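J.: Below is the sequence, then the predicted model.
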Amino acid sequence: MRVSFPILEQLPSGYFVDESPRGVLALHVDVARALHEAGYGPEHDGGLARSELSGRRPLYGLAAGGERFVVRRFSHGGLLRWLTGARFSDPTRPFRELALSAALRQAGLPTPQVVAARAVHARGGGWYLDLVTRRVERGVDLGFVLGRARRGELDARELRPLLYAAGDLVRRLHRHGFLHADLTPTNLLLEPREEGEEPRLWVLDLDRSVLSDDLGRAARLANLRRLFRYVARREARGARALQRSDYLRFLVGYEKDRVLRKELWRAISAAHRRRSPLHALGWLFETWFGRGADPRDAHGVAAG
């Protein structure tokens, strides 16, 4: 079976496509030889292994050409994970994420370089999808950092600059017209810095996110509410790391105008109070039905 997706004709400069009877792989010329020698191809995983990195879904690692890469296997959440497993009907998603990542990087926005995107046809129908990025060594996501703060392992003086930096990054993303489909602390990665240096954050997992020429206030506000809801829900489970002033510190990074910042806070708080019961029910549903194994873990990427 040979396939062709229109998105493959629109890949950024420096990428080419390698196809096999069941797989389609787009990869950057800088890593093509290294990945080939490591055995990673349109259908084969080579030295792919479960990574020590943590996330909402398992992450995988691949060593090639003296460098370590992160491999994210696409996976459904909720009930769909039980119904379809790791199979997707739309094989173009990783290629669209590759193009989106390249556009952000070209605009000077920090996101790890995507070096490969892959779709492998599954026996019985559907597609297995992967995305390979360069690894930010020793990076930790902001969700992990907030967890440390809740356990008393990080004091407020260390946390406050990170909250401001997170607000500033989201401001830059929104100003560029970028709307993250899953804006949570786990998708903001903190790069290790020397003492006294300003924090540097990277945005991760761009799947289903969009770039828009006209990102209106309603869309931006909804994105911020999603982030606040995620954090507040975890804060409510046990020890709290954040005070009202910490949320406002994030907003200082996001909105420089004091009047507009207060309006944002009132709108986010009001929406959260209205919708909290509904989203609590959604989270419970995800907890009950959102677990399931990826068949490739046991049988390889070509498992049907």
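T.: Perfect, I can see it now.
J.: hey, let's count contacts and neighbours off CA atoms from now on
T.: Noted.
J.: ok, which stretches of the protein are strands?
T.: Using DSSP state E, the strands found in the chain span residues 15-19, 23-28, 49-50, 60-64, 67-73, 114-121, 127-134, 140-141, 178-179, 188-191, 200-203, 210-211.
J.: So for Arg226, which of these sits nearest?
T.: Nearest of those to Arg226, taken as CA to CA: strand 178-179 at 11.6 Å.
J.: Could you tell me which other helices and strands the closest one packs against?
T.: Here strand 178-179 touches strand 210-211, helix 217-235, going by 3 or more CA pairs under 8 Å, 6 or more residues apart in numbering; DSSP states H and E.
J.: Strand partners (parallel or antiparallel) of that strand?
T.: strand 210-211 (antiparallel) (DSSP bridges).
J.: quick one on the thing from earlier: between the helices and strands packed on strand 178-179, which has the poorest average model confidence?
T.: Ranked by mean pLDDT, the helices and strands packed on strand 178-179 end with helix 217-235 at the bottom, a mean of 93.
J.: Tell me who's in contact with the closest residue to Ala241 other than its chain neighbours.
T.: Nearest residue to Ala241, sequence neighbours excluded (CA to CA, 6 or more residues apart in numbering): Arg150, at 4.6 Å. Going by CA atoms under 8 Å, 6 or more residues apart in numbering, Arg150 touches Ala239, Arg240, Ala241.
J.: repeat that for 10 Å
T.: Phe144, Arg234, Glu235, Gly238, Ala239, Arg240, Ala241, Leu242 (CA atoms under 10 Å, 6 or more residues apart in numbering).
J.: swap in Gly14?
T.: Leu27, His28, Val29, Asp30, Val115.
J.: Closest to Gly124 out of these?
T.: Closest to Gly124, out of all of the contacts of Gly14 and judged by CA to CA, is Leu27, at 26.5 Å.
J.: got a markdown table for the contacts of Gly14, with neighbour count too?
T.: Converted to a markdown table, the contacts of Gly14 look like this (neighbours: other CA atoms under 10 Å):
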| residue | neighbour count |
| --- | --- |
| Leu27 | 25 |
| His28 | 19 |
| Val29 | 14 |
| Asp30 | 11 |
| Val115 | 23 |
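J.: Please report how far the residue nearest to Ala241 lies from Val231.
T.: Applying CA to CA, to the nearest Å, the value for Arg150 to Val231 is 12 Å.
J.: before we move on, what about Ala166?
T.: From Ala166 to Val231 the distance is 13 Å (CA to CA).
J.: And Gly238, by the same measure?
T.: Distance from Gly238 to Val231, by CA to CA: 12 Å.
J.: These two: which is more packed in?
T.: Val231 (17 against 10; other CA atoms under 10 Å).
J.: and the more buried one, what does it touch?
T.: Contacts of Val231 (CA under 10 Å, 6+ apart): Gly143, Leu146, Thr184, Pro185, Arg225, Leu242, Tyr247.
J.: Pull the most distant pair out of those.
T.: Leu146 and Arg225 (17.9 Å).
J.: And the helices in the stretch 151-300 of the chain?
T.: 156-175, 217-235, 244-254, 258-289, 296-299 (DSSP state H, counting those that start in this stretch).
J.: In the second one, which residues are buried?
T.: The one in question is helix 217-235. 220-221, 223-231, 234-235 (16 or more other CA atoms under 10 Å).
J.: can you redo the residues you listed as JSON lines with distance to Leu189?
T.: What follows is the buried residues of helix 217-235, written out as JSON lines (distance: CA to CA, whole Å):
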{"residue": "Arg220", "distance to Leu189": "21"}
{"residue": "Leu221", "distance to Leu189": "22"}
{"residue": "Asn223", "distance to Leu189": "18"}
{"residue": "Leu224", "distance to Leu189": "17"}
{"residue": "Arg225", "distance to Leu189": "20"}
{"residue": "Arg226", "distance to Leu189": "18"}
{"residue": "Leu227", "distance to Leu189": "15"}
{"residue": "Phe228", "distance to Leu189": "17"}
{"residue": "Arg229", "distance to Leu189": "19"}
{"residue": "Tyr230", "distance to Leu189": "16"}
{"residue": "Val231", "distance to Leu189": "15"}
{"residue": "Arg234", "distance to Leu189": "18"}
{"residue": "Glu235", "distance to Leu189": "20"}
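J.: between those, which is closest to Asp207?
T.: Using CA to CA, those come closest to Asp207 at Asn223, 14.9 Å.
J.: Might one say that the closest one is in contact with Leu179?
T.: Yes. At 7.2 Å, Asn223 and Leu179 qualify as touching, with contact defined as CA atoms under 10 Å.
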